[in-house]
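A.B. asks: have a look; sequence and predicted model below, questions after that.
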Amino acid sequence: MSLTDSQKTTVSTWIADGKSLAEVQGLLREEFSISMTYMDVRFLVDDLDIVFAEPEPEATDGVDPQAEAPEVVETQPTGVTIDVDAIPRPGALVNGSVVFTDGVKLGWQLSSTGQLGLIPGDDPDYRPNPEDLQDFQDQLQDVLRQKGY
């Protein structure tokens, strides 16, 4: 259904007044007896090249909430960390990824025959240090035991 120019102007005014798409949808039905789906209203607004005005964040007691946000400092992991994927790779009983102390992330998998393997990453010649490998195997054993493997 197409709108007249005056109806399009009215829709633009509603959006400029801060009405949401759901409110515009209701107003179209009430004022013009035009029934549109939410998606049709969204397309209408896009077709009219109407830009929603982002509301300003409300300051509480004169304090800017962004000013109190803690500074995020990225650090290298202090130890080996592992995770287990929810869906196993084809041919694997269970798999996931490991991040070693030097920050290198590799995939790992445990085959249905019980063979543990690391999946090479960007550098196929990378070898983690022996302490990291032992830590990885110890953590993996604990995690798999907790998950019932």
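C.D. replies: Structure received.

A.B. asks: domain parsing for this structure?
C.D. replies: As assigned by automatic domain parsing, the chain contains the domains 5-47, 81-146.

A.B. asks: what does the helix or strand of the chain with the lowest mean pLDDT rub up against?
C.D. replies: The weakest-scoring helix or strand in the chain, judged by mean pLDDT, DSSP states H and E, is helix 38-47 (a mean of 83). For helix 38-47, contacts defined as CB atoms under 8 Å, 6 or more residues apart in numbering pick out 3, 11, 15, 21-22, 24-25, 28, 36, 52. Every C-beta, even on glycine, is put in place using the N, C-alpha and C of the backbone.

A.B. asks: direction included, what does the helix or strand following it pair against?
C.D. replies: Going down the chain from helix 38-47, the next helix or strand is strand 81-84, by DSSP states H and E. Strand pairing for strand 81-84, determined by DSSP bridges: strand 92-99 (antiparallel).

A.B. asks: what mean pLDDT does the partner strand have?
C.D. replies: Strand 92-99 carries an average pLDDT of 92.

A.B. asks: elements contacting the helix of greatest length in the chain?
C.D. replies: When the chain is parsed with DSSP state H, its longest helix is helix 130-146. On a contact count with 3 or more CB pairs under 8 Å, 6 or more residues apart in numbering; DSSP states H and E, helix 130-146 meets strand 81-84, strand 92-99, strand 105-111.

A.B. asks: contacts for that helix next, please.
C.D. replies: Residues from elsewhere that reach helix 130-146 (CB under 8 Å, 6+ apart): 79-82, 84, 94, 98, 100-102, 108, 110, 116, 128.

A.B. asks: relative to strand 92-99, how tilted is it?
C.D. replies: 130 degrees (axes from the mean of the first three to the mean of the last three CA atoms, to 10 degrees).

A.B. asks: stretch 102-113: how far from the chain's middle?
C.D. replies: In terms of CA atoms, centre = their mean, to the nearest Å, the centre of stretch 102-113 is found 24 Å from the chain centre.

A.B. asks: correction: the previous question concerned stretch 126-134.
C.D. replies: Mean-position distance between stretch 126-134 and its chain equals 31 Å (CA atoms, centre = their mean).

A.B. asks: measure that stretch end to end?
C.D. replies: The first and final residues of stretch 126-134 sit 16 Å from each other (CA to CA, to the nearest Å).

A.B. asks: and it, what's buried?
C.D. replies: Using 16 or more other CB atoms under 10 Å as the test for burial, stretch 126-134 gives 128, 132.
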